[in-house]
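**Student:** Let me see the structure of the following:
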Amino acid sequence: MEGLLTVGANNYSYGRKIFRPNRRNNMKKILITIITSLIFTAAAAHAASIFPATGLTGGASGDLDAIAVADISDGDGAVVFASGDAFYFYTYDASSSAAESSPAVIKPDDNGGNGRWEQLPANSDGLVVGSVTWDNGSGKIDGEQIADDTIDDDSIDFADVTGGDLTLTDCGQIKSNLAVQTSSGVGAATGADVSVTEYGNGIIHKIVFSFATANVTLTDQAGVVAYGGLHIYNFPAGAVYIIGATSDVDLTKTSAGVNNDWDGDFALGTVTASNNAALSGTEQNILPTTTTPQAASGDTTANGQSTATENAVIDGTTTPVDIYFNLLVDDADHDVGATPCDLLIDGTATVVWINLGDY
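**Tutor:** The predicted structure follows:
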C-alpha cells in the first residue's frame, strides 16, 4: 500500500513527494492548515486510511484514479492537492456505480465494477468546504472570495467539527468589517411583523428588532388612557443584565379613533402596558417611559434611549422574562372605545444585554 499523508510544520508529504504552501500568502497557509486538519478530523471517525494525490484523473502516478483498488477500503478518504493549488476532498464508496464525472465522482482506473471516489458534500460532518482554489494570491472557497489575505462575501462555516474546538495559532487577528451574529445563548423572537437579528459572542448580546408595520391594538380605559403592548421577545432563563436600549420608530394610527394630533408615551418593559395613566414599573424597566412628539396627520415617532436607571439586573431565573413594546395615547386624544384604532410600528429597536446565569 502507498504511504499515507504526513503533515509537517511547513509542508505535507506523501512518500517522497512534498507539498509546500506558497509562503507569500499567509491566508493560504492558514487555510491549508485549517482545512486539512478539519477534513482529517472529520474523516477519522469513518476512514481507515486517507490517501493524498496530486491530480484527479489521467491514470498517472499521483492521480486519484491511479490508486489501486486493492489498497482502498469502503469509507477511506482522500485529499487531492491539484495543479493550480486547488484542493478536493473525497470519501470512497465501495458500492457506488455512479458514472464518472470529475471532480464530483472519480472511478479508479483498475476498477471494472463498483467503487467510486465521491467528493465530500458541503455539509459533510460539519465541514463546509468542497474545494479551495488560489490564483496569484486570490481565489475562492466554495464561492467565498479570497483576495489580499481576506475572505469576502457570505461566510465560511466550520460548524460541528468532530473532535471539538477549532483553534487558530499564531494567525494574527481575525477581523471583520461586519458585526458578528450569534445563535448561542439567545432567546426567541415573538410578534407578527417583527424580525430579530442577534449579534454578539454568546456572552454579550445585541438584539436588533425590525418592525415592518407591526400592529399594536389599543384598549380603552375609560376616562384614563388608551393603552397597548406588543410582545416582541422571550429572554432565555437566567438573571438578565440590561446594558442599554434604544428605539428609532415611526408610529401611525389606523383610524379616526385616535386624533390626528394625538399625544402619548412609549417604553420597553418586561410586562405589557396596563390600564393606568402612565407607563411605570416593569412596563418600562428596559427603556423608560418617553413622551412621543405631538402627531401630525396621525403620524409621530417613538425615539429614545435607556438611562442608568434601567442599567440593572432583571430576575428571570424562576420565570424567564419577556420584552414588550408599550404604548399609551392620552385620554383626551382618542375614542377607541367607540371607534377601534391601532397603532402601527415601523423602524428598529435595539437591546444590549448579558445573561449572568441561571440557578
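**Student:** Show me where the protein has its helices.
**Tutor:** With DSSP state H as the definition, the chain shows helices at residue ranges 26-44.
**Student:** how about low-confidence regions in it?
**Tutor:** For the chain, the stretches flagged by pLDDT under 70 are 1-48, 83-86, 121-178.
**Student:** Now stretch 203-210: buried residues?
**Tutor:** H205, K206, I207, V208, F209 (16 or more other C-beta atoms under 10 Å). (Each C-beta comes from the backbone N, C-alpha and C, glycine too.)
**Student:** Please identify which of the residues you listed is nearest to T318.
**Tutor:** Taking C-beta to C-beta as the measure, T318 sits nearest to H205 out of the buried residues of stretch 203-210, at 20.8 Å.
**Student:** list the contacts for the closest one?
**Tutor:** With contacts defined as C-beta atoms under 8 Å, 6 or more residues apart in numbering, H205 is in contact with T182, G185, V186, E198, Y199, V352, W353, I354, N355.
**Student:** From these, which land in strands?
**Tutor:** With DSSP state E as the criterion, strands contain E198, Y199, V352, W353, I354, N355 from among the contacts of H205.
**Student:** sorry, back to before: closest to T190 among the buried residues of stretch 203-210?
**Tutor:** Within these, the smallest distance to T190 is 10.4 Å, found for F209 (C-beta to C-beta).
**Student:** For that closest one, give its distance to T309.
**Tutor:** Note on F209: its distance to T309, by C-beta to C-beta, to the nearest Å, is 21 Å.
**Student:** Over to V240?
**Tutor:** Taking C-beta to C-beta as the measure, V240 falls 16 Å from T309.
**Student:** between the two, which one's more packed in?
**Tutor:** The neighbour count for V240 versus T309, taken as other C-beta atoms under 10 Å, is higher for V240 (25 against 9).
**Student:** Not counting sequence-adjacent ones, nearest residue to the more buried one?
**Tutor:** I314 (4.7 Å; C-beta to C-beta, 6 or more residues apart in numbering).
**Student:** Next, count neighbours for that neighbour.
**Tutor:** 19.
**Student:** Does it touch D322 like I think?
**Tutor:** No - contact status for I314 versus D322: not in contact, 10.2 Å apart, counting by C-beta atoms under 8 Å.
**Student:** list the residues that contact both of these two?
**Tutor:** Between them, I314 and D322 share these contacting residues under C-beta under 8 Å, 6+ apart: T270.
**Student:** What residues are bridge-paired with V258?
**Tutor:** When bridges are taken as DSSP bridges, the partners of V258 come out as H334.
**Student:** scratch that, V105 is what I was asking about
**Tutor:** V105 has the following beta-bridge partners by DSSP bridges: S101, E118.
**Student:** That one reaches S97, doesn't it?
**Tutor:** No - look at V105 against S97 with C-beta under 8 Å: they stay out of range, at 10.1 Å.
**Student:** and those two? which has more neighbours close in?
**Tutor:** Here V105 and S97 are set side by side on neighbour count (other C-beta under 10 Å), and the busier one is V105, at 16 against 10.
**Student:** related to what we said a few turns ago, any residues in contact with both of V105 and S97?
**Tutor:** Going by C-beta under 8 Å, 6+ apart, residues that sit against V105 and also against S97 are R116.
**Student:** Surely T289 and T282 touch.
**Tutor:** No - using C-beta under 8 Å as the test, T289 is too far from T282 to be in contact (11.8 Å).
**Student:** Between the two, which is the more surrounded one?
**Tutor:** When neighbours are counted by other C-beta under 10 Å, T289 comes out ahead of the other of T289 and T282, with 18 against 14.
**Student:** List the residues that contact that one.
**Tutor:** By C-beta under 8 Å, 6+ apart, the neighbours of T289 are D265, F266, A267, A278, L279, S280, E283.
**Student:** what's the neighbour count on the nearest residue to the first one once chain neighbours are set aside?
**Tutor:** Think D265. Spatial nearest neighbour of D265, chain neighbours left out: L328 (4.6 Å); criterion: C-beta to C-beta, 6+ apart. When neighbours are counted by other C-beta under 10 Å, L328 registers 29.
**Student:** A278 now?
**Tutor:** When neighbours are counted by other C-beta under 10 Å, A278 comes out with 14.
**Student:** thought it was touching D330?
**Tutor:** No - A278 is not in contact with D330 according to C-beta under 8 Å; the separation is 10.7 Å.
**Student:** re the thing from before, now the contacts of T289: which count as buried?
**Tutor:** D265, F266, A267, L279, E283.
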